[in-house]
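**Q** When you get a sec, could you give me coordinates for this:
(chains A and B)
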Amino acid sequence: MPVLTRARLRDTALPWLLPAAILLGWQAAVSAGLVSNRFMPAPLDVVRAGWEAGRTGELWTNLGVSTLRALAGFVVGGGIGFGLGLANGLSRLSETLTDTSVQMVRNVPHLSLIPLVILWFGIGEEAKLFLVALGVFFPIYANTLHGIRAVDPGLVEMGRVYGMSRTELFTRVVLPGALPSIFVGLRYALGIMWLTLIVAETISASSGLGYMAMQAREFMLVDVVVLAILIYAALGKLADALTRKLERVCLAWNPAYRSA
Amino acid sequence: MLLDAVRREALPDAATAPRQAGDPEPARSAAESARGIAVTARDLHKSFDGHPVIAGLNLFLPAGGFTAVVGRSGCGKSTLLRLILGLETPTGGRIELQGPGGNPRRSEPPRRIMFQEPRLLPWARVVDNVAVGLSGQGTRAGRRERALAALAEVGLTEKAGQWPATLSGGQRQRVALARALVSRPGLLALDEPLGALDALTRIDMQDLIERIWRVQGFTALLVTHDVAEAVALADRILVVESGRIALDLRVEVPRPRRRGDPDLARLEGRILDHLLGAPQAA
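**A** Purely as a prediction, here's the structure:
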């Protein structure tokens, strides 16, 4: 038993060893004056800046605004991508009709549309929602479509022979079969969601985390800039952890996803 | 041991009753043997892209019989089975099915197939996989109850709550057998279902299929390339060649058959001679 717990402790602690060492070295380097804190604030200064921004409520307002934008864009873009992916996976006609167009639009980097989007929507909420939705759309679409394609035709035939209705065939065979691939799309999409939002907010916004970082740059508040970057990292990690959790629940049947 | 349990529970009298020598049909009560579907194929044709696979085949499968179809790969035996099940539409000719009581309705009782692979839904528990065989019938609780009973018949009660991925190959095929049988089919088609199993597991499965067939009285149609398996299980063997029936043999060896029985061996030799000696296109 003690061997097991020690091994578990090691497995939990070991991944954090390197980040902790870097933090300590960083703090030491700044404190000793090796690095000017005008370029790089010490970790403790970042913590202090975070505390200050949290106390005034500025951090929470901006965090809330950004999260809401991200989720709204994700729901709209992901919803459309999922719907179209299903439609094109299930219907030849729908695929022939739309897939070529989708593939053409896909090859345009969606961030290159920022100037156009600012012309269309100004720096309002619509601009961010549009960009995030567009960015999230493709990975969800492509992976949903691929997932449905990859469903074992033997299982579909079995479902037919055993008298499943079309609805049953979809909910019991096709959708569960496509789910692992859909989750891959989901995780890609979450990464693109934050990336797009940050870029959009940094370039044109009057609130949000990206805006907070740009404001801080104007006033040379390096600690706030670093704070914003670290919050991005934490949000990305959080989204990924939630997806993993969801995968583990939804794909418990798959040995590749089962927790040890 | 599990299989022994099945034998005791599932076979009240039919199997244990002594049978008269020379009786080709196994003893079975009238109610049970009335469940099978009789199949008639008349001048059946099927071609794929202009290549004839079944060419003018005539066939009658009596209700409740156990027929094996053997032949070289590509001879059309799997296509014949898929045609009879309605998975393919014939290019010419017709297939008539006759249910118990002369009822020509196609839906009742159902036709079922066991594929070469188990084809279980990996995301459904074992018991839910068996319940797939009852799609669209009764309540959820009722389906579950019948599925559990079918699992007991194949000796897998204790695996009901597991994922298919945790089962062995033989266990998966037993789950597939339970799924095929849970709806009490009138016709069970077996498309080389034991080909991927190891030799001992295959013998266990053959015994299990034979026992359940004798209790339930469905019409069984086994497609196999294993002549020994055909001879051990069937009471009639059809050799298919170039889309036609080349040889139609009765197996008059009483059940339960002992493996290595000289009569069976002689029959197996005869069929193999025919298969190997016959001129083949490919």
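**Q** Can you report how many residues lie near whichever residue of the stretch 151-282 of chain B sits closest to chain A?
**A** Nearest residue of the stretch 151-282 of chain B to chain A, counting by C-beta to the nearest C-beta: residue B:163, 4.7 Å away. (Each C-beta comes from the backbone N, C-alpha and C, glycine too.) Using other C-beta atoms under 10 Å in any protein chain shown, residue B:163 is surrounded by 20 other residues.
**Q** If you tally nearby residues, what's the number for the closest residue in space to it that isn't next to it in sequence?
**A** Closest residue to residue B:163 apart from its sequence neighbours, by C-beta to C-beta, 6 or more residues apart in numbering or on different chains: residue A:253 at 4.7 Å. The local packing of residue A:253 (other C-beta under 10 Å) involves 19 other residues.
**Q** The residue of the stretch 151-282 of chain B closest to chain A contacts residue B:125, correct?
**A** Yes - if you go by C-beta atoms under 8 Å, residue B:163 and residue B:125 touch, sitting 6.5 Å apart.
**Q** Look up how far chain A lies from residue B:43.
**A** Remark: distance between residue B:43 and chain A (C-beta to the nearest C-beta, to the nearest Å) = 25 Å.
**Q** I figured residue B:58 hits residue B:45, correct?
**A** No - with contacts counted by C-beta under 8 Å, residue B:58 stays clear of residue B:45, the gap being 11.3 Å.
**Q** In terms of neighbours, single out the busier of those two.
**A** The residue with more neighbours, out of residue B:58 and residue B:45, is residue B:45; 16 against 12, by other C-beta under 10 Å.
**Q** got a list of contacts for the strand or helix carrying that one?
**A** In the assignment (DSSP states H and E), residue B:45 maps to strand B:38-48. Contacts of strand B:38-48 from elsewhere in the structure, counted by C-beta atoms under 8 Å, 6 or more residues apart in numbering or on different chains, are B:52-63, B:76, B:79-80, B:83-84, B:88, B:90-98, B:187, B:219, B:221, B:243.
**Q** Narrow the residues you listed to those in strands?
**A** Those of these mapping onto strands are B:52-61, B:92-98, B:187, B:219, B:221, per DSSP state E.
**Q** Which parts of the stretch 51-200 of chain B are helices?
**A** B:77-85, B:126-131, B:140-153, B:169-181, B:199-216 (DSSP state H, counting those that start in this stretch).
**Q** Reformat these as TSV; add distance to residue A:208 and mean neighbour count.
**A** Below are the helices of the stretch 51-200 of chain B laid out as TSV (distance: least, C-beta to C-beta, whole Å; neighbours: other C-beta atoms under 10 Å in any protein chain shown):
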stretch	distance to residue A:208	mean neighbour count
helix B:77-85	60	23
helix B:126-131	46	25
helix B:140-153	48	18
helix B:169-181	53	24
helix B:199-216	63	19
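**Q** The ones you listed into CSV, with extra columns for distance to chain A and mean pLDDT?
**A** Below are those laid out as CSV (distance: least, C-beta to the nearest C-beta, whole Å; pLDDT from 0 to 100):
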stretch, distance to chain A, mean pLDDT
helix B:77-85, 7, 92
helix B:126-131, 9, 96
helix B:140-153, 12, 94
helix B:169-181, 7, 95
helix B:199-216, 18, 92
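**Q** So which of those helices is nearest residue B:193?
**A** Smallest distance to residue B:193 across these (C-beta to C-beta): 6.1 Å, for helix B:169-181.
**Q** Just the CA atoms of that closest one, as PDB, please.
**A** Extracted in PDB, the C-alpha atoms of helix B:169-181 (Å, rounded to 0.1, in the frame of the first residue of the first chain):
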ATOM      1  CA  GLY B 169     -13.800 -13.300 -28.700                       C
ATOM      2  CA  GLY B 170     -15.800 -16.300 -27.900                       C
ATOM      3  CA  GLN B 171     -17.800 -14.500 -25.300                       C
ATOM      4  CA  ARG B 172     -18.600 -11.700 -27.800                       C
ATOM      5  CA  GLN B 173     -19.900 -14.200 -30.300                       C
ATOM      6  CA  ARG B 174     -22.100 -15.700 -27.500                       C
ATOM      7  CA  VAL B 175     -23.500 -12.200 -26.800                       C
ATOM      8  CA  ALA B 176     -24.200 -11.900 -30.600                       C
ATOM      9  CA  LEU B 177     -25.900 -15.300 -30.500                       C
ATOM     10  CA  ALA B 178     -28.100 -14.200 -27.500                       C
ATOM     11  CA  ARG B 179     -28.900 -11.000 -29.500                       C
ATOM     12  CA  ALA B 180     -30.000 -13.100 -32.500                       C
ATOM     13  CA  LEU B 181     -32.100 -15.500 -30.400                       C
END
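**Q** residues touching the nearest residue to residue A:155 once chain neighbours are set aside, list them.
**A** Nearest residue to residue A:155 in three dimensions, chain neighbours excluded: residue A:173, at 5.4 Å (C-beta to C-beta, 6+ apart). With contact set as C-beta under 8 Å, 6+ apart, residue A:173 has these partners: A:151, A:155, A:156, A:159, A:164, B:121.
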